[in-house]
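Trainee: Just to be clear, the model below is a prediction. Sequence and coordinates:
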Amino acid sequence: MSESDFTPRDSFGSRFGIIAAAAGSAVGLGNIWRFPYVVGENGGGAFLLVYLIFIIAIGLPVMLSEFTIGRKAQRNAIGSFRKLSPGTPWYFVGMMGVAAAFLILSFYSAVAGWTLEYVFKSVTNAFAGTDETGLNLMFGTFIAGTWRPLFWQLIFMVLTAWIVAAGIKKGIEKYTKVLMPVLVLMIIILCIRSVTLPGAGEGLAFLFRPDFSALSADAFLSALGQAFFSLSLGMGTLITYGSYIGKKENLPGTVVQVSAADTIIALMAGIAIFPAVFAFGIDPGEGPGLVFITLPNIFLQMPGGYYFALIFFVLLAIAALTSSISVLEVVVAYFVEELRLTRKMATVFAAVMITVLGVFCTLSFGIMSDVSIFGMDFFNLMEFTASDLLLPLGGFFIVMFVGWYLGSASSRKEISNEGAYKLAYFPIFMFLVRFVAPVAIALVFIYGLGLLRL
Ligand code: PHE
């Protein structure tokens with residue numbers, strides 16, 4: 001099969017478009033919904049510190065490795081490994097990624113559906129006149145329902161599929177460029193309101209003062225899983241996006257900008273949420289409902305809260321959408337290039353399968369809440385298996401592939417754009433992908449899964 005058998009690949013249109021799309025993938029529910037509640041469940045400051053170390057020592061090298069693989073191979077997650085290492089089993093890493101995409105989008109679309117319900121609630125002014133107890137009840141009753149959460153999940157999947165079917169340049173690239181900056185502005189306003197609430201200091205202390213006695217063994221695994229999830233790593237999303245990046249673009253620069261944006265937005269979400277959590281006497285370990293209960297409460301305390309609530313939830317839904325399309329794209333790119341389906345067919349096919357899986361996630365808060373597999377409900381099982389197991393495992397193999405299989409010369413050629421950049425820090429990158437990242441991931445796994453207790 002020759003190169004000309006392929007129709008020209010779609011690609012990103014501009015440098016800013018790449019950043020917007022990659023940051024759009026990274027910044028999503030992972031930052032605003034998942035980060036605060038995972039920090040809350042794991043005791044605050046000390047967990048945050050571990051998370052930040054993982055972002056730098058593991059996240060950055062994995063991200064650069066994914067871009068390198070994708071741009072070098074110009075293929076989907078599985079095809080990239082097949083092309084760069086023909087006749088070897090490495091493509092298995094890509095298959096794991098495609099599997100992870102199914103699991104992630106099944107629970108992601110459930111939560112994204114909740115954000116749509118909260119857009120609706122904002123429009124109809126449903127928060128007015130309630131308090132913490134009321135908001136708690138409102139959230140609990142909604143997610144325990146059947147048709148309402150399913151309806152929103154379906155709408156969300158249709159939106160995701162519709163954009164992915166449209167392709168790269170004319171799809172979300174156009175929208176993300178405008179909408180992401182507005183989201184940042186909204187979070188800044190929320191931060192200001194939150195830190196000026198009476199009693200806010202306790203929340204900031206919870207987030208920023210490390211209490212190492214609160215760190216359990218599985219906190220390390222959760223921090224690693226969150227780092228991968230938040231940066232969209234370990235499952236080929238950024239291999240796939242990397243394959244749409246032009247050969248003249250600066251890969252390391254993109255990596256730094258995307259990771260910095262992602263981390264800053266997660267921190268800002270924490271600063272917006274924890275002061276409010278403590279000011280309103282909410283339990284920080286509340287779990288997946290944390291933002292849906294805390295934020296409406298802040299809006300109630302603000303002049304113009306009606307509008308802020310509305311704008312915020314609309315943007316949150318959009319942030320979710322720019323991430324979910326990047327997850328679906330992993331599957332669709334694979335179906336199109338390897339199974340030779342048309343883009344439309346591939347999208348419909350993938351979206352339908354994921355939605356079916358997603359129904360179980362949604363119902364696990366309601367009529368299926370008694371069903372438990374390995375001691376977890378379906379939602380938790382998908383979330384744990386994908387973020388805490390498959391993503392770090394995928395990341396492990398990705399850095400091993402770049403560090404040991406592709407090797408120094410070949411990686412350097414791709415990352416430096418055939419020598420156009422000097423890359424003084426390249427040996428540090430190689431050291432991270434060869435030793436630091438794989439050993440760290442392996443240790444966290446062994447320790448976090450309880451195979452070894454220190
Ligand atoms: N990074 C996204 C978020 O934080 C979720 C995601 C995970 C997207 C994995 C793609 C791949 O919301």
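Mentor: Structure received.

Trainee: List of residues touching the one helix or strand residue 349 maps to?
Mentor: Counting by DSSP states H and E, the secondary-structure element that holds residue 349 is helix 343-363. Here helix 343-363 makes contact (C-beta atoms under 8 Å, 6 or more residues apart in numbering) with 102-103, 105-107, 109-110, 113, 146, 149-150, 153-154, 157-158, 160-161, 164-165, 167, 328, 331-332, 335-336, 339, 341, 368, 378-379, 382. Where C-beta positions appear, they are placed from N, C-alpha and C, glycine not excepted.

Trainee: Restricted to helices, list those residues.
Mentor: Counting by DSSP state H, these place 102-103, 105-107, 109-110, 113, 149-150, 153-154, 157-158, 160-161, 164-165, 328, 331-332, 335-336, 378-379, 382 in helices.

Trainee: can you tell me the average pLDDT over the helix holding residue 349?
Mentor: When the per-residue pLDDT values of helix 343-363 are averaged, the result is 97.

Trainee: can you tell if that helix touches the ligand?
Mentor: No - judged by C-beta under 6 Å from any ligand atom, helix 343-363 makes no contact with the ligand; its nearest approach is 13.0 Å.

Trainee: Next, the angle helix 147-166 makes with that helix.
Mentor: Angle between the axes of helix 343-363 and helix 147-166 is 160 degrees (criterion: axes from the mean of the first three to the mean of the last three C-alpha atoms, to 10 degrees).

Trainee: Buried residues, helix 343-363. List them.
Mentor: Across helix 343-363, burial judged by 16 or more other C-beta atoms under 10 Å covers 343, 346-347, 349-351, 354-355, 357-363.

Trainee: picking up where we left off before, which of the contacts of helix 343-363 are buried?
Mentor: 102-103, 105-107, 109-110, 113, 149-150, 153-154, 157, 160-161, 164-165, 328, 331-332, 335-336, 341, 368, 378-379, 382.

Trainee: can you give me the end-to-end distance of stretch 22-31?
Mentor: The separation between the terminal residues of stretch 22-31, taken as C-alpha to C-alpha, to the nearest Å, is 14 Å.

Trainee: Pull the residues that contact stretch 109-117.
Mentor: So stretch 109-117 is contacted by 29, 33, 142-143, 148-157, 160, 288, 292, 313, 316-317, 320-321, 324, 354-355, 358, 361-362, 379 (C-beta under 8 Å, 6+ apart).

Trainee: Recalculate using a threshold of 6 Å.
Mentor: Under the criterion C-beta atoms under 6 Å, 6 or more residues apart in numbering, residues 29, 33, 149, 152-153, 156-157, 313, 316-317, 320, 358, 361-362 lie in contact with stretch 109-117.

Trainee: pLDDT-wise, which helix or strand of this protein ranks last?
Mentor: Averaged element by element with mean pLDDT, DSSP states H and E, the chain has its least confident helix or strand at helix 174-195 (a mean of 83).

Trainee: do that helix and the ligand meet at all?
Mentor: No - if you take C-beta under 6 Å from any ligand atom as the test, helix 174-195 misses the ligand, and the best it gets is 12.2 Å.

Trainee: Run through the neighbouring helices and strands of that helix.
Mentor: Counting contacts by 3 or more C-beta pairs under 6 Å, 6 or more residues apart in numbering; DSSP states H and E, helix 174-195 packs against helix 15-26, helix 251-279, helix 305-338.

Trainee: What parts of the stretch 151-300 of the chain come near the ligand?
Mentor: Taking C-beta under 6 Å from any ligand atom as the criterion, the stretch 151-300 of the chain approaches the ligand at residues 229-230, 232, 235, 237.
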